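> Sharing a sequence plus its predicted fold:
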Number of protein chains: 2
Amino acid sequence: MKKLVLVAHGSRRQASNEEVKDLAARVEKHLPSGFSGVKVAFLELASPSIEAAIDSGYEEGASELLVLPYFLSAGTHVAKDVPSEVAKAMDKWPDKKIDIAPHIGSLDSMIDLIISVCH
Amino acid sequence: MKKLVLVAHGSRRQASNEEVKDLAARVEKHLPSGFSGVKVAFLELASPSIEAAIDSGYEEGASELLVLPYFLSAGTHVAKDVPSEVAKAMDKWPDKKIDIAPHIGSLDSMIDLIISVCH
C-alpha cells in the first residue's frame, strides 16, 4: 500500500502549518484505491521533518511513498533540498520504494485551478 | 470586460518569476468568456508591482479586475499586504470594480489537484 507525503516549506506562523495539515486531512478522505494515507512533512521551521514523515510512513506499513513538494515554484528547495532530505532518509530504507512528484505549481492542472476562480 | 490579476510573492531568483509569467500565459489561453486577459503582479522582489498591474489592466480597457493571490497559505501577505496594495492602487480608479479571490491554497479544487498526482 502507498502513502502520499505532502512536503511544505514550513512557517514560523503556526496557523500556516496547520493549514497544510488540514489540507492533508481533507485530501486523505478522497485518496484513490492503492493509497492508504497522507503524511505531512515540513522542509524547515516546523515538524515533522521529511525524514520523520518517511520513517513513520514505512513504520505504519507503507510499501511505497509518493512525495509531493507543495511548492509553487522550482527554486532550490524543490531542486535540491527536498531530494536531498529524501535521499538522506532513504539510507535507512534500502528495500523500500519512493518517488518524488513534480512540485504542485508545475502541474498542468494548476491552470484549471486558476481558471476555476473565473467562473 | 474583466481581467485576472495573478499576484505572486516574487523571488530574487528570476527563473521563479518567469515560471509565474509562463503559467499566466498558459492560463490566458483558456480563460472563460467574460475575461480578456491575465496580468501578472509581484508583491515584492520583482516587477510589475500590484499597482502597476492594476493600472495597466484598466488602461488596457478592463472594466473589472479579479485579483488571485497565488499563495499557498494565508499568512500576512495574503491577509494584509495584498489587500493593502490593492486598496492603494484603487485610490486612482474610484469608478472601477475589483475583487480579491481567496488565495490559491484555500480553494477546494486544490484537493483535487493534489489527488491528481496519485493517479
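In hand now; what should we look at?

> biggest helix in chain A, by residue count?
In terms of residue count, the longest helix belonging to chain A (DSSP state H) is helix A:14-28.

> Strand partners (parallel or antiparallel) of the following helix or strand past that helix?
Going down the chain from helix A:14-28, the next helix or strand is strand A:35-42, by DSSP states H and E. Sheet partners assigned to strand A:35-42 using DSSP bridges are listed as strand A:2-8 (parallel).

> Could you check the angle the partner strand makes with helix A:14-28?
Strand A:2-8 runs at 160 degrees relative to helix A:14-28, counting by axes from the mean of the first three to the mean of the last three C-alpha atoms, to 10 degrees.

> What average pLDDT does strand A:2-8 get?
Strand A:2-8 shows a mean pLDDT of 98.

> Show me what it is in contact with.
Applying C-beta atoms under 8 Å, 6 or more residues apart in numbering or on different chains, the contact partners of strand A:2-8 are A:17, A:20, A:23-24, A:27, A:31, A:34-43, A:46, A:50, A:53-54, A:57, A:60, A:62-71, A:82, B:72, B:114, B:117-118. All C-beta spots, glycine's among them, are computed from the backbone N, C-alpha and C.

> Whichever of the residues you listed end up buried, select them in PyMOL.
The buried residues among the contacts of strand A:2-8 can be selected in PyMOL (16 or more other C-beta atoms under 10 Å in any protein chain shown) with this line:
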select buried, (chain A and resi 17+20+23+24+27+31+35+36+37+38+39+40+41+42+43+46+50+53+54+57+62+65+66+67+68+69+70+71+82) or (chain B and resi 72+114+117+118)
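
> got the end-to-end distance for stretch A:33-53?
21 Å (C-alpha to C-alpha, to the nearest Å).

> how far out from the middle of the chain is that stretch?
On the basis of C-alpha atoms, centre = their mean, to the nearest Å, stretch A:33-53 sits 6 Å off its chain's mean C-alpha point.

> ditto for stretch A:64-72
The answer for stretch A:64-72 is 3 Å, by C-alpha atoms, centre = their mean.

> That one near chain B at all?
Yes. Interface with chain B: stretch A:64-72 contributes A:Leu66, A:Leu68, A:Tyr70, A:Phe71, A:Leu72 (C-beta under 8 Å from any C-beta of the partner chain).
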